[in-house]
Structures are given as C-alpha cells and as structure tokens.
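> prediction below, plus the sequence it came from.
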Amino acid sequence: MEEPFEDGFPNGDELTPAEEAAAKEAAEPKGVVKFGWIKGVLVRCMLNIWGVMLFIRMTWIVGQAGIALACVIVCMASVVTTITGLSTSAIATNGFVRGGGAYYLISRSLGPEFGGSIGLIFAFANAVAVAMYVVGFAETVVELLKGADALMTDDINDIRIIGTMTVIVLLGISVAGMEWEAKAQIVLLVVLVTAIVNYFIGSFIPVQSKESAGFFRYDAQIMWENIGPDFREETFFSVFAIFFPAATGILAGANISGDLADPQMAIPKGTLLAILITGIVYLGVVVSTGSCIVRDASGNLNDTVSSQFMANCTNASCKFGFDFSSCRMSGNGCRYGLQNDFQVMSLVSGFSPIISAGIFSATLSSALASLVSAPKVFQALCKDNIYPYIGIFAKGYGKNNEPLRGYILTFGIALAFILIAELNTIAPIISNFFLASYALINFSVFHASLANSPGWRPSFKYYNMWVSLAGAILCCVVMFVINWAAALLTNVIVMALYIYVSHKKPDVNWGSSTQALTYQQALSHTLHLSAVEDHVKNFRPQCLVMTGYPNSRPALLDLVHSFTKNVGLMICGHVRMGYRKPNFKDLAADQSRYQRWLMRNETKAFYTPVFAEDLRQGSQYLLQAAGLGRLRPNTLVLGFKNDWRDGDMMNVETYINMIHDAFDFQYGAVILRLKEGLDVSHIQGQGSLSFCKRRSGTLRDTARRRRGGRRRAGRPGKLCQRGLRHTTDLQSHMANVRSLSNKMDELLLLTENTTSADQSVLCFTETWLSDNIPDRALLIRTSSCSERIAARSYQERSEEAESTFI
C-alpha cells in the first residue's frame, strides 16, 4: 500500500488559495456567522485601542510627560503599530488565512518554532489584557461609589469585587456566541464615540464651578506651562510602558481571522484605518487636555489670588484668579488637575455621565475583545498539536466552533490578575508580550522577503522588508527600555519555548520562509563551494553506497556512517531494473518514503533511485549524476559478491566492471565482506597504526611474489586507487585521512577486530598493482593489532568464500 503525499494531493493537484477558500466554505456548517471589514476588524480594533487608557490615564500621561513628550509617546506607539499593521497586512494577503490570528500569521511564515512560542505568550497576554481592562472599569465604578460615599469595604477590595462580577458577565456574553458579542460591540462603539464627542464639546464650554478643579478654557499660557515634562516618581519610559498597552489592540480583528468573510481584504483595510483614526483622537486628547487644564488644583474655591498679589503669582492659573501653590506645598497635596485626578475627562465634558458610560464602554469592549481573542488564538495553537497535554482546548462547540474550554481558561487567568487590583502594575506585564509578538510579525515579513520564496507574493504592496526589520528592532529596543528585566524574562520564555518546539520537531509542513531561506543559503553555499580548491586538510570521504533500499543492507549503512559521522556526504544508490516502462510516479513516491526512513533512523544520507536496464548501467548513471557541485561522491561502497565462484559469470563481470567504472570516474572503492557489519565496541590502540605503517613495504613484496599465480575468468583486476587508514578510532580517521589523488601510495584501511578470516573489509589499491602484477587484488585481513597482515590471490581466497552476496 502506497503512502499518501504529505499535503494530501499528488504533484500538480494542489488547491489554489481561492479553491481552498471555496472548499473550506463548503465544508462549514450552515448558519456560520461571518463578519465584514467594518464589524469584524475596524470596530474591534477601534474599541480595543480606545481602551481604559483614553479616559482615565491619558490626562495623567499629559501631566507627567507634558504635551510634547505625550505626543512623542503616542507617535512612538503609532509608529510601532503602523509598521506592524503593514506587516500584518502583507502576511494576511499572502494566501488563504485561517483562524488563529497572530499565531497563524507567524507560524505559517516563520514555522512552528516561532509560531508555537509566540502563540502561547500572545494568548496569555490577551488573557492578562482582560484583567487590565476590567480593573480600569472597576476603578471608575469605585470612584463613583466613593463620590457617593457608598464604598462596600475599601478601594482595593471593591475593585476586586466589582472586577470579579464584571468578568463573569463578560464570560457569559462570550459563551453566548460571536453573533451576540458582535452586536454588543456595535452598541459599545456608539456609546464610546458619543463620549469622545461629548468631551471635545465640553472642552469648549468653560464652567466657572470647574475652575477650582483646574479646568479653565483653551489658553496659550496653560498650553505653554504644560508643554514640558514634570515627572513625579516616573520616567519617560515608565509612562510609555503604561500607555503602550492602549495601542495593542491592532490585532483584535486579525485574532478572529477565522470568522471573517474575506480576511485578505478585511485585515489590511480595517487595521490600518483603525490605527489612523485612533491615533488622531489620542493626539487630539493630548493637545486638548494640555491646553485647558493645569497640572495641580485643590478644588477649593477659596484658593484665589487677589489683584494686589497677582504680580507675584507666576502660575498659569493666576491669570484666572486662582493660586494652587499652597496645595502643592502642603503635605496633603492637590486632589485635582492632570497629575492628580484620573477623572479629568469627566470634569471637562459637557455631560459627565456620558463620559462614565464611555469609560464603561471602552473598558468593557476591550475586555470583551481580548476575552474572545485569547481563546481563539489558543484554540488554533492546540489544534496544531505543538505542545502536549493541551489538546482538550482545541475542541469547539456549536456552529461557530466556539472554544468554550478556552473561555474558561482565559477567565481563570484574567481573574487571577484582577485580584492584583492595580492597573499600573498589570499594564507593563503585557507590554513586553505584545511587543514580542509585534517584533516577530515584522521579522516574518523581512525574513520572507529576504528568502525570496516563490510562495511569498502578498497582494498588499505597501510594505518594505527594511521597514519591517526596523520595526522588529524598534519593538525589541522598546521592550528593554520599558523594563529590561521583564524583556529579558520574555525573551528567555520565548527561547525556551522555541528550543522545546525545535527539539520536538512537530510533523508539519507549512511552507515557512525558514525553509525557503534554508534552500537559498544551501544553494548559495554550494555555488561558493564549487570555486574552492581541494586541500588535503579538508578532505573527507563522500560515499556513494549501493544499498538498494536503505533498509535492506544495514551493514553498509553502518560502516559508512561510522566514518562519515554525519559530517560527510552519503548517498544511498538504488538501481531499479526492468524492461517494462518505468513507473516514475512510484519512483518519486519511494524516494520521499525512504528519505523519511533515513531521517527517522537519524542517518544523514540521501536516497537516490534510478531506473536502468541492468545494474552496471544504473551504477554508471549514479556515478555520473549523483551529488551536486562539490557535494559529489568520491568513494563507491559495495557489498562483496560472495557467489562469484558459482554464480553467473555475466553478473560477476558486471560487478567487476562497476568497480572499473568507479576508477574511471576517479572514485575510490570500498567493499564490505562481512554481512553482519563490523564490531566497533572497542577501539584499537595507537600501536596498530604504527604497525600497519611498518608492514606496508611487506605488503607490496608479498603481492609481487604471488604474481605467478593462476588467473580466473572474471577475476577482479586493478580494483582500487585508495582505501581507508587503520587508525586508533573513527574520529581520528577523519582527522588523519589524506588526499585521494591518483599518485597516492598508501593503504588506508578502517576496520576492527573480527573473529574469522571471512569477516573483513576488502580494499584494493591500484598503485600497488604494477604492470608486473596484472589482475591481482589484495585482501587485507585483521583481527587484532598483533595479527599478521597477509596478502593472498583471489584463487586462494575463493577456497574460503561463502556464497552470500551482501
């Protein structure tokens, strides 16, 4: 029974991306919900980017960093996300996209090693992001309760209680299905946009009662005072670390790629448009809040300044009759202003309850999107069976294949981080995980472009490999700048997972750019090697082993493997003879099958079968064409023809002529007599090498004395140019082996202890057989270093031969 092709289709019958998409759609159950680019990508990305940071941390960031550096922070994050968005668009338009989001994009581009490692931490990062958004929501609710003097216990525990209740409700919405979740997202987006518009309208309507809290009106002096930084127990990069998670929602649409009607169109359009819109809004909020609100305010209407002291007041608030310097100098500090109040946008807005609704919408929508994304990514990872013991999370339920088990797992992780109840602690944790994902997405595009893979043909053209590389480097730099210890830990986790997956070697073939680059590098090095001249120091045996099927002559494989040691070339030649029309389809299938057999048995060799009318013709094909460039065999390895005395003389002549052909092609020849292989369980000492050198002259004399012996038809003639040196061990053979030139006058023999005269390696050296000794061959037989090395003619040798052909 023939094995199927690895991709399930014979050569030339693979499905095109369009056909694959059509087949997938036909196989899906009826009633599956699919989303377009607006509802599926744009809405989700905007809701995820306009998260908790927009309403309750953006004004604090302006107070700390100032307008200028706050704009730099937003622009830095936007540069990272824009480059990543371009790279994501390129990958998403390079063929059919299935479910799995960032994991699918990376794994199908860079392979399972990178995909498996980043998929796990990306799913974990999304699960932690749920906690971040829920804690932001809970903080807002606690502030409202505190204003109404209705706290249940204290601030921290109330955040934990409210956060736990919230995540349970979100879990219920997610489990209800993608259709309900999508409807909820639309409602939340409407509320969110209304809240943003409400803020900007309110910023143009100054209210006198709000002046004591630091809000006046748009004023150049306030803007100038807030233009520079005023870091208090923070730094630029610590503030950036807190803000950056607000920009990490760019993959919210890609994470549900399996639920999109047309991912190749939806992901680029929706993602890039969402980055543009949200970036403009963030910059607008930065400039707006920094131009109409002071950093510190007491909220006390009595902190006014009289006209007679106006000249001594230098703060921007003095222009409006307020002096808040007293609260800054007091031990209690100021309660309001950009630096002190997280609810500044509610203060500025035209109707503050709408801002509260917007905060609820932003936090809950982002949490809901992350709660859906994490199980989807994790489900795709589990389906690929990259890691053990997680296959139970691959199972889906319902018409949309919902990962209910993944939802429960994500809920558990999110709940654990919600109990931390500190937003500024949770935010930096996920920053590095998202940045690592973005770095690999950008590197995927660079790597695929560098490899020049024929399969890399994205329809999205607005990308550049060097820009993607710069984006990957920028992500890595930002990781270490934000928190070098967390970045180091993230990289250690990624590398540990990478090493594990590499060691496991999952049985997948996704046509990754790593494979394409490996081919390109191998081709480049092979061409470069062709221009390198031979040198005795760099010689290594490169063997063409006539094994037939590789598993039929293990002794030959073991012998050659013992001195190639996976650092020399080994080609397993197989001549398939027959007079009927060759079946090349079966030949190709066998080549793939037995190549896999060699790899499974950890034998680094190439299986090369050929069709020929007879054995000699097939061996000539192999001698001529086996190998590539300098990676060509220089030694022919055969089994000994034990039935040469009783067998068909035509077969004997073919066997002899194969060896002659090897010499004509400047090959050496090695013949293994022992069918069961050689025992190398112990290694002979250094003395055996010296002993063989001392006896080399005796070998030649012995051959000359026997030149008068009788001759047989079909006897081996000049059978060898070179052989193998008898060394202390197989590794020292690799270091001491010498050039295989035609003038070589040494016997190079590799062997070990044997128990009988017939268990030997035959090595024939043409230079020892002068014209006075025609058609003579030497049999070198050793059982220990002290055993006599003898030379006998084939007439005497035939008396002891067994009738077995290895």
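Good, I have the coordinates. Small disclaimer: the values here were computed from a predicted structure and weren't measured.

> Ala367 is in contact with Phe137, correct?
Yes - in this structure, Phe137 is within contact of Ala367 by CB atoms under 8 Å, at 7.1 Å. Bear in mind the C-beta positions are built from the backbone N, C-alpha and C, glycine included.

> these two: who's more crowded?
Taking other CB atoms under 10 Å, Phe137 and Ala367 do not tie; Ala367 has more neighbours (29 against 26).

> surely Ala662 is in a helix?
Yes - assignment of Ala662 by DSSP: H, G, I helix; E, B strand; the rest coil places it within a helix.

> and the nearest residue to it once chain neighbours are set aside, what element?
Once flanking residues are discounted, Ala662 sits nearest to Leu636: 4.1 Å by CB to CB, 6 or more residues apart in numbering. Under the criterion of DSSP states H and E, Leu636 resides in strand 635-639.

> shared neighbours of Phe137 and Ala367, anything?
Thr166 (CB atoms under 8 Å, 6 or more residues apart in numbering).

> which residue packs closest to Leu469, ignoring adjacent ones?
Phe446 (4.3 Å).

> next, count neighbours for the one you found.
The local packing of Phe446 (other CB under 10 Å) involves 22 other residues.

> that one reaches Ala470, doesn't it?
No - in this structure, Phe446 is not within contact of Ala470 by CB under 8 Å, at 9.0 Å.

> care to break this protein down by domain?
For the chain, automatic domain parsing gives the domain ranges 33-74+92-100+128-297+336-426, 536-797.

> reformat the ones you listed as JSON lines; add distance to Gly85.
Converted to JSON lines, these look like this (distance: least, CB to CB, whole Å):
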{"stretch": "domain 33-74+92-100+128-297+336-426", "distance to Gly85": "5"}
{"stretch": "domain 536-797", "distance to Gly85": "39"}
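
> quickly, which of those bottoms out on average pLDDT?
Among the domains of the chain, domain 536-797 carries the lowest mean pLDDT, a mean of 64.

> for stretch 644-655, buried residues please.
Trp644, Asn651, Val652, Thr654, Tyr655 (16 or more other CB atoms under 10 Å).

> in which helix or strand would I find the second one?
What that stands for is Asn651. Counting by DSSP H and E, Asn651 is part of helix 649-664.

> export that helix as CSV, just CAs?
Coordinates of each C-alpha in helix 649-664 appear next as CSV, following Å, rounded to 0.1, in the frame of the first residue of the first chain:
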residue,chain,number,x,y,z
MET,A,649,29.8,-15.0,-14.9
MET,A,650,27.9,-12.2,-16.6
ASN,A,651,26.9,-10.9,-13.2
VAL,A,652,30.4,-11.3,-11.9
GLU,A,653,31.7,-9.4,-14.9
THR,A,654,29.1,-6.6,-14.3
TYR,A,655,30.2,-6.4,-10.7
ILE,A,656,33.9,-6.1,-11.7
ASN,A,657,33.1,-3.6,-14.4
MET,A,658,31.2,-1.4,-11.8
ILE,A,659,34.5,-1.1,-9.9
HIS,A,660,36.4,-0.4,-13.0
ASP,A,661,33.9,2.3,-13.8
ALA,A,662,34.4,3.8,-10.4
PHE,A,663,38.1,4.1,-11.1
ASP,A,664,37.4,5.7,-14.4
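
> same for the helix or strand just after that helix, what does it pack against?
Going down the chain from helix 649-664, the next helix or strand is strand 668-672, by DSSP H and E. Strand 668-672 is packed against helix 554-564, strand 635-639, helix 649-664, strand 761-762, with contacts defined by 3 or more CB pairs under 8 Å, 6 or more residues apart in numbering; DSSP states H and E.

> can you do 10 Å?
Contacts defined by 3 or more CB pairs under 10 Å, 6 or more residues apart in numbering; DSSP states H and E place strand 668-672 against strand 543-546, helix 554-564, strand 635-639, helix 649-664, strand 761-762.

> can I take it that His574 is in a strand?
Yes - counting by three-state DSSP, His574 is found in a strand.

> that one and Thr547 touch, don't they?
Yes - if you go by CB atoms under 10 Å, His574 and Thr547 touch, sitting 6.7 Å apart.

> which one's more surrounded, the two?
Set side by side, His574 and Thr547 show more neighbours around Thr547, with 26 against 22, by other CB under 10 Å.

> which SS class is Ala150?
Per three-state DSSP, Ala150 ends up coil.

> what's it in contact with, if anything?
Val142, Leu144, Asp158 (CB atoms under 10 Å, 6 or more residues apart in numbering).

> now Trp484
Here Trp484 is in contact with no residue (CB under 10 Å, 6+ apart).

> any idea how far it lies from Ala472?
According to CB to CB, to the nearest Å, Trp484 stands 18 Å off from Ala472.

> cool, and Thr425?
Going from Thr425 to Ala472 by CB to CB gives 28 Å.

> what's around Cys75, how many residues?
There are 14 residues near Cys75, going by other CB under 10 Å.

> re earlier: of all the helices and strands packed on strand 668-672, which one is nearest Leu419?
helix 554-564 (57.7 Å; CB to CB).

> which parts of that closest one are buried?
Ala555, Leu556, Leu557, Leu559, Val560, His561, Ser562, Phe563, Thr564.

> in JSON lines, list those residues along with distance to Tyr498.
What follows is those, written out as JSON lines (distance: CB to CB, whole Å):
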{"residue": "Ala555", "distance to Tyr498": "39"}
{"residue": "Leu556", "distance to Tyr498": "37"}
{"residue": "Leu557", "distance to Tyr498": "32"}
{"residue": "Leu559", "distance to Tyr498": "37"}
{"residue": "Val560", "distance to Tyr498": "33"}
{"residue": "His561", "distance to Tyr498": "29"}
{"residue": "Ser562", "distance to Tyr498": "33"}
{"residue": "Phe563", "distance to Tyr498": "34"}
{"residue": "Thr564", "distance to Tyr498": "29"}
